[in-house]
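# what's the 3D shape of this:
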Amino acid sequence: MLKQKVKAQKEVLGANLEAHLLEMVLSQITAGGAISTAEAVENLGQCVMVARMGEASHH
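Numbers count the residues shown, from 1 in each chain. As a prediction, this is how the structure comes out:
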């Protein structure tokens, strides 16, 4: 339901007001073993992989 609402808002308004992009994929992020920056501080000195997620903009 949230994904449909966000899609409709983007189509009508050109922007998503309902949810942050990361909220839409939170389950996949956590399933992949991602940790928060607060948790990362507890693991200083360890090797980490940094991922970035972005949204394309069409003008």
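# how about the helices in the protein?
Counting by DSSP state H, the chain has helices at residues 2-13, 21-24, 26-31, 37-41.
# In terms of mean pLDDT, which of those helices ranks lowest?
Looking at those, the lowest mean pLDDT belongs to helix 21-24 (a mean of 74).
# got the buried residues for that one?
If you call a residue buried by 16 or more other CB atoms under 10 Å, then helix 21-24 has these buried ones: Met24. Just so you know, the C-beta spots here come from the backbone N, C-alpha and C atoms, and that holds for glycine as well.
# Please apply the same query to stretch 6-17.
For stretch 6-17, the neighbour count (16+ other CB under 10 Å) marks Val6, Asn16 as buried.
# Over to stretch 27-35?
Quick answer for stretch 27-35 (16+ other CB under 10 Å): Ala34.
# hmm, back to that, and the helices of the chain: which comes nearest Met49?
Between Met49 and those, the tightest spacing by CB to CB is seen for helix 37-41, at 11.1 Å.
# got the contact list for the closest one?
The contact list for helix 37-41, computed with CB atoms under 8 Å, 6 or more residues apart in numbering, reads Val48.
# how much space between the residue nearest to the spatial centre of the chain and Val48?
For the chain, the residue sitting closest to the mean C-alpha position, by CA atoms, centre = their mean, is Leu22 at 1.8 Å. Separation of Leu22 from Val48 (CB to CB, to the nearest Å): 18 Å.
# quick one, what contacts the residue lying closest to Leu2 once chain neighbours are set aside?
Take Leu2 and drop its neighbours on the chain: the residue closest to it by CB to CB, 6 or more residues apart in numbering is Ala19, 5.7 Å away. Ala19 sits next to Leu2, Lys5, Val6 when contact means CB under 8 Å, 6+ apart.
# Let's have the residues you listed in TSV, adding distance to Ala15.
Below are the contacts of Ala19 laid out as TSV (distance: CB to CB, whole Å):
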residue	distance to Ala15
Leu2	15
Lys5	13
Val6	10
